[in-house]
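Trainee: this is a predicted model, with the sequence first.
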Amino acid sequence: MENKNDFYHYERIALAIEYLLKNKHKQPSLEEIAKVVHLSPTYFQKLFKNWAGTSPKKFVEFITLAHAKRILRQEKTSLFDTAYRVGLSSTSRLHDLFIQIESMTPGEYKNEGKNLSIRYDFYPTPFGTALVASTEKGLCHFAFVEEKEKALQELKSNYPKANFIHENTEEHSYALRFFDPNATLDHPLLLHLKGTDFQLKVWEALLKIPLGHLSTYGEIAQQISRPKASRAVGTAIGSNPVAFIIPCHRVIQASGEIGGYKWDCNRKRTIIGWENARLDS
């Protein structure tokens, strides 16, 4: 990340991208787009380049239907590489980083978090504010939020008997490195998740979709040997408790349409474009 302040500009970036998508047939000028987000053309161009790693118009190419279809067609044989690739685009390097999932024990699951201490806090990310939470065993929650209090109550409803502590932790800080293409990722990130066996299989399959690649619900169903369970796969993906870390945003419809994202479809398009732009730069 060029500048830590870039974390705070998601709303303006998202507004600009939404405007570009709605008006791409008109080929809006830089001045026109900058006016929409109430910035000077020079500052907007610099802000967008720092955030996305490319120009506004080039970025839109990464999130069009045609581009999504092209990725699905070209990468069909390598969607499920065993390593989850984290691209360090500024230095043309890649780290192999395995994210390890440890499911909650049957007792923890049944007891609704009793005897669990969950530490949480809110953090800025390139895609808006995120609520991040962890247990002593690993990260258990990562969600993009619009209303902090509402988001916190939803988290607490998932673990009604847990002890919640408002605290920044090293685990949270490490998870946030996933947004920084220059960050050092020197050990696996451990996730401590509450899910059914089926959900865990789906989430593990999502971790095998490399950076800059896309998959479909049907392909995920095939990957977990449940070829007729595309609808159930979609439900499990929608239940993903750790946004971005488990990349459910990389699953789209077989037609190439980008939709169905728990944390807003525009955010999903933006994340896909951001990842492709970073990988392409």
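Mentor: Looks like it arrived, so ask away.

Trainee: list the buried residues for stretch 230-243?
Mentor: Neighbour-count burial for stretch 230-243 flags 230, 232, 233, 234, 236, 237, 240, 241, 242, 243 (criterion: 16 or more other C-beta atoms under 10 Å). The way it works is simple: take the backbone N, C-alpha and C, and place the C-beta from them, glycine included.

Trainee: which outside residues touch it?
Mentor: For stretch 230-243, contacts defined as C-beta atoms under 8 Å, 6 or more residues apart in numbering pick out 130, 139-144, 158, 191, 193-195, 198-199, 202-203, 206, 217-218, 220-221, 224, 226, 246, 248-249, 251, 260, 262-263.

Trainee: among those residues, name the buried ones.
Mentor: By 16+ other C-beta under 10 Å, these give 130, 139-144, 191, 193-195, 199, 202-203, 206, 217-218, 220-221, 224, 246, 248-249, 251, 262-263 as buried.

Trainee: if I look at the most centrally placed residue in the chain, how far off is residue 107?
Mentor: Nearest residue to the geometric centre of the chain (C-alpha atoms, centre = their mean): residue 244, 2.2 Å. As for residue 244, its distance to residue 107 is 29 Å (criterion: C-beta to C-beta, to the nearest Å).

Trainee: sorry, back to before: give the contact list for the residue nearest to the centre of the chain.
Mentor: Residue 244 is in contact with 125, 127, 142, 178, 179, 271, counting by C-beta under 8 Å, 6+ apart.

Trainee: need the max-distance pair from the residues you listed.
Mentor: The distance between the two most remote of those (C-beta to C-beta) is 13.0 Å, for 142 and 271.

Trainee: show the backbone phi and psi for residue 144.
Mentor: Per-residue torsions, residue 144: phi -80, psi 140 (degrees, to the nearest 10).

Trainee: may I ask you to confirm that it is in contact with residue 124?
Mentor: No: Residue 144 is beyond contact range of residue 124, at 11.0 Å (criterion: C-beta atoms under 8 Å).

Trainee: now the common contact residues for the two.
Mentor: With C-beta under 8 Å, 6+ apart, residue 144 and residue 124 have common neighbours residue 130.

Trainee: which residues outside the biggest helix by length in the chain are in contact with it?
Mentor: Of all the segments of type helix in the chain, defined by DSSP state H, the longest one is helix 265-280. Residues outside helix 265-280 that contact it (C-beta under 8 Å, 6+ apart): 13-14, 17-18, 21, 51-54, 58-60, 62-63, 67-68, 71, 87, 89, 126-128, 144, 181, 211-212, 214, 244, 249-250, 258-259, 261.

Trainee: residue ranges of the strands in the stretch 101-250 of the chain, please?
Mentor: For the stretch 101-250 of the chain, the strands defined by DSSP state E, counting those that start in this stretch occupy 117-125, 128-135, 138-144, 163-166, 190-193, 215-216.
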